[in-house]
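[1] 3D, please:
(3 chains)
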Amino acid sequence: MIIEELIEYAQKLHLREKTGKHEVKVCSAAGCLSLKSEAVADELRKKIAELGIEEEVSVKPVGCLGLCSKGPLVTIDSGNRVYQNVKPEDANLIIEKAKTDPQSETDKFFTRQQKIVLENSGQVDPEKIHDYILRDGYKALHDVLEMTPQEVIDEVTISGLRGRGGAGYPTGLKWNTVAKTGNIKKYVICNADEGDPGAFMDRSLLEGDPHRVLEGMAIAAYAVGADEGYVYCRAEYPLAIKRLKNAVKQAERAGVLGKNIFGTTFSFTVDLRIGAGAFVCGEETALIASIEGKRGQPRPRPPYPAEVGLWGSPTLINNVETYGNIAPILRNGGEWYAAIGTEKSKGTKVFALAGKIVNTGLIEIPMGISLREVIYDIGGGIPDGKKFKAVQTGGPSGGCIPEQFLDKPVDYESLSELGSIMGSGGMIIMDETSCMVDVAKYFLDFTKDESCGKCVPCRVGTVQLYNILDRITKGTGTMEDLDELDDLCDLVKNTSLCGLGQAAPNPVLSTIQYFRDEYIAHIVDKKCPAGVCKFHTHAETGKSEVII
Amino acid sequence: MVTTGKKVKTFIIDGKDVSGTEDQTVIEVCRENNIEIPTLCHLEGLAEVGACRLCLVEIKGSNKLLPACVTKVHEGMEVITASEGLKKYRIKILELFFSERNHICSVCVSNGICELQNLAQRLGMTHVHYPYLFPKFDVDASHERFVLDNNRCILCTRCVRVCDEIEGAHTWDIMGRGIESMVITDLNKPWGESESCTSCGKCVAVCPTGALVEKYKNAVDKSFMYKKDKLKFLPYLTTMREVKNEQS
Amino acid sequence: MSKVSEDIALNTGSDTNSAKVKAATVWLDGCSGCHMSFLDMDERIVELLEKIDLLYSPLVDHKEFPDMVDVTLVEGAVSSHEDLEKIRKVRAHTKILVSLGDCAITANVPSMRNPFGVEAIMKHAYIDTAVTKDVIPNEVVPELFEYSRPVHNFVKVDLFLQGCPPPADAIHFLLTELLEGRMPDLTKVSRLGK
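    Numbering: from 1, shown residues only, chains lettered A, B, ... in the order given. Predicted coordinates:
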């Protein structure tokens, strides 16, 4: 099969559907669906039928349009304008706009972004492969099969792409390592066990453009010499799972997955594995154990999965967003990608904006723009005239960055210098009503519950850390507790077995570093500056004093 | 010429020149050279898990501490097994173990022969400065010969591994996660009702603390297992393992 | 080994021989076994008393804790407000506080009630197993804390002598070392549960 045949196949499928001149695109990602965007789509279809203008206007469900806080979202044609908070009764107006109004978007939320990974999200119908193919889908895979695997890896290396799961390991280097293990059975895994609280980048991509991820995996499989792949997706994402399953089926039918892809000797099949609700299974060795049907626990590395992975075979394991970058890199060349971003952090990064911010939603920005631009220009700043306090990146493994560093660029090195991490892309904004001790406690509560229990520093250390923070938020902490926090964080960080434990102290360390005053206010003055923590006086508890 | 096919690596442990074959771990070479490294989860003859974190060592050129039980030797490496920093970490790790469950040495059947207790003394743990958590665990005495007391378990998983890898019964496993993890028999059925348990007693033999003990008996000093010259339990484990490896 | 700075270590080796070292022992939630072990030093106690004044102890008849003593050995865990008040007072009037035995160091046997809760324990002790009258006392017997805890959870402790009880030899070693002006490494002479 050549690419023209694939396009022809897609066009046939496309023609089978009745589409109008103008397409009204209704967001059907989980966020808008929960705001009843389906009802909007139904009403639109009904109205179009009533008016008998099917040839002029048609309705299309698409993936995430980004501005989740203002859903349901609707856009028309190439998405120059996004209509917000659309209700079924707005159907007539939307149809009218579709016929007449070619306005373009001026909101900085949209104009400051640069979409590579999400370029199709909000444009294609995620449940229809032909929509993807007609937007250059699977073209990169087709072209790649005419290159040598080494040429493919070189292109990824040139692009400077780094792992989007959080640690930022150079993707080209990882591929090379797996490729060099020789001509043996290998696997490719897509880590879709997105578990950080407040993060939904991977979910949105899988829901909005699943074929993009599959194409990335297939290219990776060709480059490293694998013929089997797994997507490990958390069970909490039923819509993503449904759309992925559907996409795999369609891709196999179209001949872009399965045996002899594009008529070559390259074969690649993809299977899905559903997680069972353990955060630690986002750690690669625990994820592999879980796919193997074992208890989802990490093991010491080395050996790394690139050498000894799934069922003992060399395994390439990348995050959803990393795979999402692959097809555009191969289509446009590594140089093109490397021109975006900063010297050490290339390309774009998808973030999920959440917390105390006007524009909650999904964004994609070029690396290197400042946190201030992200929060104020794209995010629209802090709602209700409140004052910004901190931005948390990297979820339970990251840290809180205060106001004075808002002009720092968003890249791997800068965030790590600030005591946080890039992480997978969760960005939680906190205003003056957030208590930083309480925030640290929240994350430790999360990590202590999600610790797998294998190694003692993480299993017990996180509980002891949580207990100290709990005491401080209840007004019974001491200054010795503050020293103990430092000491225990050091122990947990340096002696835990896997990344979960090693990074668990970060929220505590960064809040102590930047908001020590708040800790001291709790301990010495028995006051919570943000008014979050409630201290019970001895009279209230009925005890003469509080005993640990 | 006879060759074993294994390459020999020479390197340095605590300033001493040593050598080992490429498939050996740091801890194996340490023990051959009488360099003591504390561990609780490692047991020769069982698969390594690297979970107790007591055998962490410093390796020059690496910014991470590495567990000696799973770190393979390589040419020219420089290992430091007992820096002041490591000693402090080890004591704190022991303290975390003690704070986690109800380790009351004075009333424990394994008092005096417990590896956790011995390590605490050897490494100089004067007290546990972390607050004790005092969890509540039931004791399972349903088996006719053995008792499981989770209050004394340190989750080293030796029982899980010996039962799976050597006895081949896989009666034991871990349930729950984090601080709530505990060893269970079958699908958390009482031990006495376990259908897979062969009552072989290997789990009791390898337990480093008083979590698994034999009824009506004083606990047995298991230190012979770790001494090279007393060929009793250890060679048995190793032999079983070799047989298993040959078969697979 | 010790965290205590030199300046508070006992110094009787010099010309201050005229003044004996002031010592005390206290008994919190424990079985008195550590005090029995103290007595097991037998005739060595007589020798020690040449250099030590035992000012306050369950073994002597003083009712009030002295103004300032050089060393206090504390047996037992902190299980009630009574224990807590006592140990705070002792700490305030002691230069070197030694946790004597496992109850003081780990809460040991008194802590065995902790997982069950105070209510269950009181009911079991005073109602379920009562022989005469089944009432939970609310006078005389101090109200229990939720948990029995080691002494160092409440006040700073300078030395820890493990053991249940610590052997008489170990106690003797502790005292003679202190008299020599040294802060001894006690993990060499005893251990938990010994």
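
[2] contacts, neighbours, all on C-alpha from now
    Fine.

[3] On the three-state scheme, the closest residue to chain B within chain C is what?
    Nearest residue of chain C to chain B: C:G193, at 4.0 Å (Cα to the nearest Cα). Using DSSP: H, G, I helix; E, B strand; the rest coil, the structure places C:G193 in coil.

[4] so it makes contact with B:S106?
    Yes. If you go by Cα atoms under 8 Å, C:G193 and B:S106 touch, sitting 4.0 Å apart.

[5] thinking again about what came up before, check contacts around the residue of chain C closest to chain B.
    B:104-107, B:111-112, C:102, C:162-165 (Cα atoms under 8 Å, 6 or more residues apart in numbering or on different chains).

[6] Try it again at 7 Å.
    By Cα atoms under 7 Å, 6 or more residues apart in numbering or on different chains, C:G193 lies in contact with B:105-106, B:111, C:102, C:163-164.

[7] Quick check, pLDDT for it.
    For C:G193, the model assigns a pLDDT of 91.

[8] Torsion angles phi and psi at it?
    Dihedral pair for C:G193: phi 80, psi 0, per degrees, to the nearest 10.

[9] could you measure A:Q84 against chain B, distance?
    Relative to chain B, A:Q84 is positioned 43 Å away (Cα to the nearest Cα, to the nearest Å).

[10] A:N494 and C:V90: what is the separation?
    39 Å (Cα to Cα, to the nearest Å).

[11] who's more crowded, those two?
    Shown here are A:N494 and C:V90; by other Cα atoms under 10 Å in any protein chain shown, C:V90 has more neighbours (24 against 19).

[12] How about the secondary structure of the more buried one?
    helix.

[13] any idea what sits nearest it, other than its immediate chain neighbours?
    C:F65 (7.2 Å; Cα to Cα, 6 or more residues apart in numbering or on different chains).

[14] Specify the local secondary structure of the one you found.
    coil.

[15] pLDDT wise, what is it at?
    95.

[16] what do you get for A:E105?
    72.

[17] how close does the nearest residue in space to it that is not next to it in sequence get to A:S397?
    Spatial nearest neighbour of A:E105, excluding adjacent residues (Cα to Cα, 6+ apart): A:R81 at 4.7 Å. Distance of A:R81 to A:S397, computed by Cα to Cα: 37 Å.

[18] so where do the strands sit in chain B?
    B:8-13, B:16-21, B:56-59, B:66-67, B:78-80, B:139-140, B:146-149, B:172-175, B:182-185, B:212-214 (DSSP state E).

[19] ok so, going back, quick check: neighbours shared by C:G193 and B:S106?
    Residues touching both C:G193 and B:S106 by Cα under 7 Å, 6+ apart: C:C164.

[20] would you put the C-alpha positions of stretch A:196-212 in PDB?
    This file holds the C-alpha atoms of stretch A:196-212, laid out as PDB (Å, rounded to 0.1, in the frame of the first residue of the first chain):
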ATOM      1  CA  ASP A 196      -0.700  13.400  39.200                       C
ATOM      2  CA  PRO A 197      -3.600  15.200  40.900                       C
ATOM      3  CA  GLY A 198      -4.800  18.000  38.600                       C
ATOM      4  CA  ALA A 199      -3.100  16.600  35.500                       C
ATOM      5  CA  PHE A 200      -5.000  15.700  32.400                       C
ATOM      6  CA  MET A 201      -2.700  16.200  29.400                       C
ATOM      7  CA  ASP A 202      -2.400  12.500  28.400                       C
ATOM      8  CA  ARG A 203      -6.100  11.900  28.900                       C
ATOM      9  CA  SER A 204      -6.900  14.800  26.600                       C
ATOM     10  CA  LEU A 205      -4.500  13.700  23.900                       C
ATOM     11  CA  LEU A 206      -5.800  10.100  24.000                       C
ATOM     12  CA  GLU A 207      -9.400  11.300  24.000                       C
ATOM     13  CA  GLY A 208      -8.800  13.900  21.300                       C
ATOM     14  CA  ASP A 209      -6.300  12.300  18.900                       C
ATOM     15  CA  PRO A 210      -5.600   8.700  19.800                       C
ATOM     16  CA  HIS A 211      -4.200   7.900  16.300                       C
ATOM     17  CA  ARG A 212      -1.400  10.400  16.900                       C
END
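
[21] Scan the contacts of C:G193 and report the most crowded one.
    Result: C:D102 is most packed of the contacts of C:G193 (other Cα under 10 Å), 31 neighbours.

[22] these two touch, right, A:F109 and A:G379?
    Yes. With contact defined as Cα atoms under 7 Å, A:F109 counts as touching A:G379 (6.4 Å).

[23] Tell me which of those two has more neighbours.
    Set A:F109 next to A:G379 and count neighbours by other Cα under 10 Å: A:G379 wins out with 25 against 21.

[24] Can you give me every residue that contacts the more buried one?
    Per Cα under 7 Å, 6+ apart, neighbours of A:G379: A:109, A:357-360.

[25] what would those residues look like in CSV with distance to A:S58?
    Compiled in CSV, these are given as follows (distance: Cα to Cα, whole Å):
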residue, distance to A:S58
A:F109, 27
A:I357, 34
A:V358, 32
A:N359, 29
A:T360, 29
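
[26] Out of those residues, which is nearest to chain C?
    A:I357 (43.0 Å).

[27] Would you agree the closest one is in contact with A:I429?
    Yes. Look at A:I357 against A:I429 with Cα under 7 Å: they come within range, at 6.3 Å.
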